[in-house]
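A.B. asks: sequence and predicted structure are below.
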Amino acid sequence: MRIFTSLVLVLTLGVCAAGVWVLRGPIPVSYWLSNPAASFQLAQGENPNPIQLVRPVPPTQLSAMAELGEKVFYDPSLSGSGKLSCSSCHDPAKHYGPPTASPVAYGGPDLKSPGVRAVPSLAYLNFQRNFYIGPEPPGDFDVMPTLPQVAKAAIHSTRIAKTAHDTAQSVSNFVPAGGLFWDGRANTLQQQAMGPLTSPFEMDGGTIQAVAAKLQAAPYADMFKKLFGNGIFSDPQLTVSEAMFAVARYQIENQDFHPFTSKYDYWLEGKARMTWAEMRGYMLFNNPKKGDCGACHLDQPTPDHRPPLFTDTQYEALGVPRNPHIPANKNPNYYDMGLCGPYRTDLKNQTQYCGMFLTPTLRNVATRDVFFHNGYYHNLHDVVEFYNLRDVEPGKIYPTGPNGKVEKFNDLPHKYWGNIDHTDPPLNRKLGEKPALTSQEVNDIVAFLKTLTDGYKQKGG
């Protein structure tokens, strides 16, 4: 009898301990009840369904074109100041993102000319699609409609809410997607590289003729001749165009720009374990009633096992607070409205897109010190809180005006407020409602975001 009693006691204690472990663990009880086997592995930080990711196969060595691009990428002599190269703003140590927490970079001939937007990362841009407004219209076209025509047709389309559990809904939305820069005005890495080269507040290299002359005087000028012939420098436009093409080839061939070596990548393959905080954050990231981050920042591998890019490449108007530290914002009549201007001009009359900016990848986001197109935030905790509190407690997000009222959406003219996303969770909540996330849950999502940093060292590896 004593043995039986002892056995019952042990079993009871074991069940209680297991219950406490389940309740305190990172996996919701509801998920335990519906998926006990998977929950057990998830609770231990493991991926219950590991796969072998198909990463791009890097070349054994850079091509001659890419080697030339590397020289150009790191050459400050092409700038007006002689001190600014591509790598100055796209720091390899920061995964080709901005090196500082400044909301904008400074360039020009004396490095005192302020930019207008936060520096985007160059990492993983080789996978970006060309800019388009989708979905594609049905039927066959003998003459394809122009971009403004497609944009005009989209005015009366209805936006469908997208969630982390139903990202396919985003495909049916008639919204802009793809392209490079915050406003998608470039389609190729070559075009993207050309922009800062001659911008007066970036590299400020001068005219195309001036840049070509600098390339001709560069120590690597013979590389141009070997690749393009001795007459390459007789055509300045061609010289600069080929130089930017070489930079693009460098970004494509150099695996450092797209290594897919984060802890999350290895977790997907069953080669790494998440901590409880990271796992809780992962579950919240994909919970439509909580963070719902995965609705826009797609985190699942493709059907052919390619690693996720953590972006749907679509454009959103989020209503981020105006940044008073951007010099251009000292003018109260100035607004950076993304797709509809002022730096992109072909959609300036499509006001339904005013305030929309590209959804960037979250890969290596934890190594950045400046966030959103205007660099308003400087840490991930505040970024997550923006989504969490924007509508339920706007006083914690936006400044208070002289009249004592919260100046919500103060970086977009009132007539375009209808463009701001109030559809996708958690941005669909109302003033005074309970925030979707607790303080601990915000911290957990940040913990998960830190698993997206490349260069993770596997144990025993």
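C.D. replies: Good, I have the coordinates. It should be emphasised that the depicted structure is a prediction, and the values quoted were computed from it without experimental measurement.
A.B. asks: which helix or strand contains the closest residue to residue 46 other than its chain neighbours?
C.D. replies: Counting by CB to CB, 6 or more residues apart in numbering, residue 273 is the residue found nearest to residue 46 once chain neighbours are left out, at 5.9 Å. Glycine gets a C-beta too; all of them are placed from N, C-alpha and C. Counting by DSSP states H and E, there is no helix or strand that carries residue 273.
A.B. asks: repeat that for the one 10 residues further on.
C.D. replies: Per DSSP H and E: residue 283 is located in helix 276-285.
A.B. asks: what lies in contact with the next helix-or-strand element following that helix?
C.D. replies: The helix or strand immediately downstream of helix 276-285 is strand 315-316, counting by DSSP H and E. Defining contact as CB atoms under 8 Å, 6 or more residues apart in numbering, one finds that strand 315-316 is touched by 175-177, 184, 296, 338-339, 353, 356-359, 421.
A.B. asks: so for this protein, the centremost residue is which one?
C.D. replies: The chain has residue 360 as the residue nearest its centroid, 1.8 Å off, counting by CA atoms, centre = their mean.
A.B. asks: wait, that one touches residue 312, no?
C.D. replies: No - the pair residue 360 / residue 312 is not scored as a contact, 10.9 Å apart, by CB atoms under 8 Å.
A.B. asks: which SS class is the residue nearest to the centre of the chain?
C.D. replies: When classified by DSSP: H, G, I helix; E, B strand; the rest coil, residue 360 comes out as coil.
A.B. asks: check contacts around it.
C.D. replies: Residue 360 sits in contact with 120-121, 311, where contact means CB under 8 Å, 6+ apart.
A.B. asks: for the helix holding residue 283, packing partners?
C.D. replies: helix 36-43, helix 439-449 (3 or more CB pairs under 8 Å, 6 or more residues apart in numbering; DSSP states H and E).
A.B. asks: quick one: that helix to helix 439-449, angle?
C.D. replies: Orientation of helix 276-285 against helix 439-449 (axes from the mean of the first three to the mean of the last three CA atoms, to 10 degrees) gives an angle of 100 degrees.
A.B. asks: residues making contact with helix 276-285?
C.D. replies: 25-28, 31, 42-43, 45, 164, 263, 274, 290-291, 293-294, 297, 299, 437, 441, 443-451.
A.B. asks: what about 6 Å?
C.D. replies: Residues from elsewhere that reach helix 276-285, judged by CB atoms under 6 Å, 6 or more residues apart in numbering: 26, 45, 290-291, 293-294, 441, 444-445, 447-448, 451.
A.B. asks: just stretch 119-131 next, same as before
C.D. replies: 89-90, 95-98, 105, 178-179, 184, 187, 252, 257-258, 309, 313, 361, 363-364.
A.B. asks: for the helix or strand containing residue 210, C-alpha coordinates in CSV please.
C.D. replies: Using DSSP H and E, the element containing residue 210 is helix 208-217. Extracted C-alpha coordinates of helix 208-217, given in CSV (Å, rounded to 0.1, in the frame of the first residue of the first chain):
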residue,chain,number,x,y,z
ILE,A,208,28.6,62.1,-65.2
GLN,A,209,31.6,63.5,-67.0
ALA,A,210,33.2,64.4,-63.7
VAL,A,211,32.6,60.9,-62.2
ALA,A,212,33.9,59.3,-65.4
ALA,A,213,37.1,61.4,-65.2
LYS,A,214,37.6,60.2,-61.6
LEU,A,215,37.2,56.6,-62.6
GLN,A,216,39.7,57.1,-65.4
ALA,A,217,42.2,58.5,-62.8
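A.B. asks: list the buried residues of it.
C.D. replies: For helix 208-217, the neighbour count (16 or more other CB atoms under 10 Å) marks 208, 211-212, 214-215 as buried.
A.B. asks: which elements pack onto the next helix-or-strand element following it?
C.D. replies: The element immediately downstream of helix 208-217 (helix or strand, assigned by DSSP H and E) is helix 221-228. Here helix 221-228 touches no other helix or strand, going by 3 or more CB pairs under 6 Å, 6 or more residues apart in numbering; DSSP states H and E.
A.B. asks: quick one: contacts for residue 243?
C.D. replies: Residue 243 sits in contact with 72, 215, where contact means CB under 6 Å, 6+ apart.
A.B. asks: now it: which helix or strand?
C.D. replies: Per DSSP H and E: helix 236-253 holds residue 243.
A.B. asks: next one: that helix to chain centre, how far?
C.D. replies: From the chain centre to the centre of helix 236-253 is a distance of 24 Å (CA atoms, centre = their mean, to the nearest Å).
A.B. asks: go on, stretch 59-75?
C.D. replies: For stretch 59-75, the distance to the chain centre is 25 Å (CA atoms, centre = their mean).
A.B. asks: how far does stretch 191-207 stretch from start to finish?
C.D. replies: 16 Å (CA to CA, to the nearest Å).
A.B. asks: list the buried ones in that stretch?
C.D. replies: Going by neighbour count (16+ other CB under 10 Å), the buried part of stretch 191-207 is 192-199, 201-206.
A.B. asks: please apply the same query to stretch 241-260.
C.D. replies: 242-254, 257-260.
A.B. asks: repeat for stretch 102-111
C.D. replies: Within stretch 102-111, the residues scored as buried using 16+ other CB under 10 Å are 102-108.
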